[in-house]
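Asks: Any chance you could fold what I've pasted below:
(chains A and B)
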Amino acid sequence: NAGVTQTPKFQVLKTGQSMTLQCAQDMNHEYMSWYRQDPGMGLRLIHYSVGAGITDQGEVPNGYNVSRSTTEDFPLRLLSAAPSQTSVYFCASSSNSRQGAGYYGYTFGSGTRLTVV
Amino acid sequence: AQTVTQSQPEMSVQEAETVTLSCTYDTSENNYYLFWYKQPPSRQMILVIRQEAYKQQNATENRFSVNFQKAAKSFSLKISDSQLGDTAMYFCAFMKRYSGGGADGLTFGKGTHLIIQP
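Replies: Predicted coordinates:
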């Protein structure tokens, strides 16, 4: 059971380049979300999804796009990278809170460190 | 919108001591979850403990326990018999609970860097 897998682990981009951060989970979780972590800021929600075909914006969505065509995958797209997007990005997934013996919260991937120069 | 405040940027205690990390939150919601996550230098986010707001009993997980005061909107984490491996960033997080069982994203505090001294 791999859990939540993020690729790549490290990436350097030039300003204006585009790229996609990949996130896949094998736990059949309905809910997935993306966060960015900056020094002294904690983690901030970028986008989230409650199921295939459904996405919504979080606290800091500008400059990022998402789509959820399958339950397993939730890629995060940077269309035109900017130095302000230099950060560590985390993807997380969660089951429906109605299921099981209780709600166990989100499971996180190991993160992607992105540098935009 | 919810906010989560962790007022202690850094704390340092001796091994085997008990330490309490503070967290307060602001919300107009009545149904929600609260969490403490640990982030060691490896960067991995690890769930330490969770609390369901409709439960009055404080959650416990081995050496970790919380003091949940719903009226005061306070959610502190107590670590007993602290160990060197407890050294990490600790984040308090809030999540709204929907009546249909749904969940949206987490709102995090800025974290407390806990250092356990040998």
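Asks: Tell me, how many residues neighbour B:Gln56?
Replies: 8 (other CB atoms under 10 Å in any protein chain shown). Backbone N, C-alpha and C define where each C-beta goes, glycine included.
Asks: Ignore what I typed, I meant B:Pro118.
Replies: Count around B:Pro118 with other CB under 10 Å applied: 5.
Asks: tell me the pLDDT at the closest residue to it other than its chain neighbours?
Replies: Among residues not flanking B:Pro118 along the chain, B:Glu15 sits closest, at 5.5 Å (CB to CB, 6 or more residues apart in numbering or on different chains). Looking at B:Glu15, its pLDDT stands at 97.
Asks: swap in A:Ala81?
Replies: pLDDT, A:Ala81: 96.
Asks: interface residues of chain A facing chain B?
Replies: A:31, A:33, A:35, A:40-45, A:48, A:50, A:56, A:58-59, A:88, A:90, A:92, A:94, A:96-99, A:102-108, A:110-111 (CB under 8 Å from any CB of the partner chain).
Asks: Next step: those residues restricted to strands.
Replies: Among those, the members found in strands (DSSP state E) are A:31, A:33, A:35, A:42-45, A:48, A:50, A:56, A:88, A:90, A:92, A:94, A:107-108.
Asks: Burial check on B:Gln83, number of neighbours?
Replies: B:Gln83 has 11 nearby residues by other CB under 10 Å.
Asks: sorry, back to before: can you tell me which two in the ones in strands among the residues of chain A next to chain B are farthest apart?
Replies: A:Val50 and A:Val88 (24.3 Å; CB to CB).
Asks: Run through chain B and note the low-pLDDT ranges.
Replies: B:99-103 (pLDDT under 70).
Asks: Contact residues of it facing chain A?
Replies: B:33, B:35, B:37, B:43-45, B:47, B:50, B:52, B:91, B:95, B:97-98, B:100-111.
Asks: All set now, cheers.
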